[in-house]
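[1] okay, here's the prediction I keep looking at, along with the sequence it came from:
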Amino acid sequence: MLHFVRRRFLAGAVSALVLGLGFQTVAGSAHAETTLRAVPHSGLKILDPIWTTAYISRNHGYMVYDTLFALDADGNVQPQMVDTVTTSDDGLTVTMTLRDGLSWHDGAPVTATDCVASINRWGSKDAMGQKMMSFVDTLEATDDKTITFKLNAPTGLVTLALAKPSSNVPFMMPERVAMTPSSEQISEFIGSGPFVFNDAEWEPGAKVVYEKFDAYVPRSEPASALAGGKIAKVDRVEWIPIRDHQQAVNALKAGEIDYIESAPHDLLPLLTGDENIDLVDINSAGNQYTFRFNILHPPFDDPKMRQALLYAFNQEDFLQAVIGDPDYYQTCKAMFGCGMPFETVAHMDGLLDSNFAKARELIAESGYDGTPIVLMHSTDLQVLTNLAPVAKDLMEAVGLNVDMQSMDWQTLVARRSKQDKPEDGGWNAFLTSWTAGDLFNPVAMAFLNSSCETALFGWPCDDQIEKLRDDFARATSPDDQMKIVEAVQARFVEYPTHIHLGQWKAPTAVRSNVSGVLDTGAAVFWNIAKE
Amino acid sequence: MVSYLLRRILATIPVMLFVAVFIFLLLRLTPGDPATIIAGDFANETQVAEIREKLGLDEPMVTQFFVWIGNMVQGDFGESFFYKKQVSDLIASRIEPTLSLSLLTIVLTVTIAVPMGTLAAYKQGSWLDRGIMGFSVLGFSLPVFVIGYALIYLFSIKLGWLPVQGYQRISDGVGGWLLRLLLPSLALAVIFVAFIARMTRTSVLEVLGEDYIRTARAKGQTETRVLLRHALRNAAVPIVTVIGLAFAILIGGVVVTESVFTLPGLGLLTVEAVLARDFPTIQAVILLFSFIYVLINLMIDVSYTLLDPRIRY
């Protein structure tokens, strides 16, 4: 009996100790009120936002680095690190002065030399940067705070490109870091942004930690999209990737995390009924689904076949199949996005309405011989999985022979870069999605690049589109730019490079004690407070 | 015994070499190119080619293999293509959650399964035996992730007793460490309890029919002593074999559990590495799993000599 009592006492004591310690730990973590725990849309693998275009690396960039310019909520370019910018009367000299108080995370002041090196590195890598640099004769730091561009022709592209909101964003880095060739990853992660990357606490694939940069001097204007004052209102941000969507939702409901960047549409009913959780919009412009042609091989080497699909497809079918809830999608015939600065439906009448008769007519004119069309179908990304079956169905409805091949996204990514014939491991078409910030004008839209071999996979080749893109880069007034955009759409209808399949968005879910989440198109963490 | 151990250790070399060749070829022949993944959506072929060259993936496959093996022999597992960290550091940082989960699962399993199986054998044909065997069938039939979600719903969402996900290092507090491991360990333990309880029942039943058990009873020994000292000890060899194999399977097979509970262990690292085609990481992790498997098998064999004095090498 005594043994029994002693054993029970010991067992109870151990349980109490273990549970006590455990609950103390959980309670202790709950007291860290200024730590914001967020589930990003994917795990952060690459820390160099210039080396890769992955959105998660771009979002990391916004934590650590700052930009010279940024787009505000109305889509206007606003200075960010820059204090003043002037353009000479002949439009050939652009001078920028950095604002006071900017410093790197190691305490050194930000200089114009750092910025020149950063612009050069970004300009050698990014497509829009390359276009901008094609107008630049010289780029110099004329003193510690002054950056001077000497241009070979007037262009409105300099500030627009430096305010580019999405990958690759022209982030500023110290000169010693920015001197790293753009073909190599940087190995030092010092920025001048509102948060400091904590390298020591980084657990690749498991946790990324950022701490507030106390010496950051924000702009005095209120935050507006990516522009305005970047005020860090929490001491620490932790990114905790949770691969399982259901588990991310469970963790949010249990209060273990505060923020899910992209809440899955099928689990929204679990979130909308919870009074402790709010759904907010960080990307009201949304994303655009896209069907990409491979123009190197039959049958899509013939523009008539591509036009046929512009007639055969309708956006509603795709959006319904993947998103389902009309609150989170909209049909949009404007190539450069609805709600975006260059929204226009010019020349889009009668397209994307599933006019099967017209599509069949064009297919007949093209002389399509029934050769199977290899349609790549990615199966592991929920927001893409249902697209290819819808495309296959619509293509078969107009008499095309579709060979839909299923694979994981990374296999698709590797295969889409192959120029081989479809029967030799190449491809004819696939579907993907872009954020609106990546396609808001003819220069930024990568799928419109029609420079043949140097164009993106699919390799469209059209002098007229390229000339129009150049014209857009040279245009300096919004009216002129809009006219060029309309001309681009007219040419696009004759020579489709891809098909836009409507806009969609995923809400961001936050605990109700979290406020100040900005609508920026990217997940940024300044201005966010946690009570 | 020493010469036996040496022979067994030497025998691991061709096994590991075979695994190395197999995993190397498997990765190279599987579709997917790390360079295009790293380069991102907007990269052109020139940029992809530059990255491929930096990673050494433009070299002939034979050259790549010998460079890798040569580095491995010198203790250099290479650098992760993505994280730009040494693979050995990545593995070191991820091994604690996996070992913790595996150990706790095995402790829970042995604590529950061996008494259950022994009791079932002792009470053969009773309602207790049928109940335990019924649980065993159920445990086999339920996938780990279903058990995991059910436990999370009950203990985390409804009752709020245990965390939904995540891991706390043991150095940050034993309580938090245990609290975060309880649900995943329980979820994983169900299937192993079912398996080992069944195995224990069969082994003990076999022994209980032996003459020396009757002799022990005839000498007036208590049933507890008969069961523990005579039956269970003599039934231990197959049970220990299964427990050892279960531990080896656990270490290499916790992928789903680590994914469901977001435990940053080797399983999750493997999933991420496979999805990203991070060749150096996948190769090193698979080799490590193979090595652990071989090592545990060796330990099981050695343990036989302790459990059964008749066995000598």
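    Thanks, I have the structure now. The model shown is predicted, which means the values in this text are computed figures rather than measured ones.
[2] in chain B, which residue sits closest to chain A?
    Closest approach between chain B and chain A, counting by C-beta to the nearest C-beta: B:Gly175, at 2.3 Å. Heads up, the C-betas are built off the backbone N, CA and C, glycines and all.
[3] A:Asp83 is in what secondary structure piece?
    Assigned by DSSP states H and E, A:Asp83 falls within strand A:82-87.
[4] average pLDDT for that strand?
    For strand A:82-87, mean pLDDT rounds to 96.
[5] what helix or strand is the residue of chain B closest to chain A on?
    helix B:174-208.
[6] quick one: mean pLDDT over the helix or strand just after that helix.
    As assigned by DSSP H and E, the chain's next helix or strand after helix B:174-208 is helix B:211-218. The pLDDT scores in helix B:211-218 average 90.
[7] quick one: residues contacting B:Ile157.
    If a contact means C-beta atoms under 8 Å, 6 or more residues apart in numbering or on different chains, then B:Ile157 has A:Asn250, A:Lys253, A:Ala254, B:Val164 as its contacts.
[8] I'd assumed A:Val249 was in contact with the last one.
    No: between B:Val164 and A:Val249 no contact is recorded; they are 9.4 Å apart, counting by C-beta atoms under 8 Å.
[9] higher neighbour count, those two?
    B:Val164 (28 against 24; other C-beta atoms under 10 Å in any protein chain shown).
[10] where does chain A dip in pLDDT?
    A:1-33 (pLDDT under 70).
[11] before we move on, back to that, tally of neighbours for the residue of chain B closest to chain A?
    By other C-beta under 10 Å, neighbour count at B:Gly175 equals 19.
[12] repeat that for A:Val136.
    18.
[13] keep only those of the contacts of B:Ile157 that are in helices.
    A:Asn250, A:Lys253 (DSSP state H).
[14] among the contacts of B:Ile157, which one is most surrounded by other residues?
    B:Val164 (28 neighbours).
[15] how close does it sit to A:Arg511?
    In this view, B:Val164 and A:Arg511 are 14 Å apart by C-beta to C-beta, to the nearest Å.
[16] and the stretch 101-250 of chain A, which of its residues are near chain B?
    Within the stretch 101-250 of chain A, the positions near chain B by C-beta under 8 Å from any C-beta of the partner chain are A:125-127, A:167-168, A:183-185, A:187, A:203-207, A:240-244, A:246-247, A:250.
[17] looking at these, which are in helices?
    Reading helices off these with DSSP H, I get A:Ala127, A:Gln246, A:Gln247, A:Asn250.
[18] pull out the buried members of those residues.
    By neighbour count, with 16 or more other C-beta atoms under 10 Å in any protein chain shown, those hold A:Ala127, A:Gln246, A:Gln247, A:Asn250 as buried.
[19] go through those and say which is closest to A:Glu494.
    Relative to A:Glu494, the closest of those is A:Ala127; by C-beta to C-beta it sits at 23.1 Å.
[20] quick one, what contacts that closest one?
    Here A:Ala127 is in contact with A:Val443, A:Ala444, A:Ala446, A:Asn449, B:Phe42 (C-beta under 8 Å, 6+ apart).
[21] please redo it, this time with the cut-off set to 6 Å
    Counting by C-beta atoms under 6 Å, 6 or more residues apart in numbering or on different chains, A:Ala127 touches A:Ala446.
[22] with the one 10 residues further on instead?
    With C-beta under 6 Å, 6+ apart as the criterion, the residues that contact A:Asp137 are A:Lys150, A:Asn152.
[23] before we move on, which element is it in?
    strand A:136-143.
[24] buried residues, that strand. List them.
    Buried residues in strand A:136-143, counted by 16+ other C-beta under 10 Å: A:Val136, A:Leu139, A:Ala141.
[25] sheet-wise, list the partners of that strand with their directions.
    Strand A:136-143 has the following strand partners under DSSP bridges: strand A:146-151 (antiparallel).
[26] ok, A:Ala73 - how many residues close by?
    Quick note: A:Ala73 (other C-beta under 10 Å) scores 16 neighbours.
[27] thought it was touching A:Ser224?
    Yes: counting by C-beta atoms under 6 Å, A:Ala73 touches A:Ser224, with 4.6 Å between them.
[28] count the neighbours of A:Ile282 for me.
    20.
[29] elements contacting the helix holding B:Gly175?
    Applying 3 or more C-beta pairs under 6 Å, 6 or more residues apart in numbering or on different chains; DSSP states H and E, one finds that helix B:174-208 contacts helix A:2-30, helix B:87-122, helix B:127-141, helix B:144-151, helix B:236-252, helix B:255-261.
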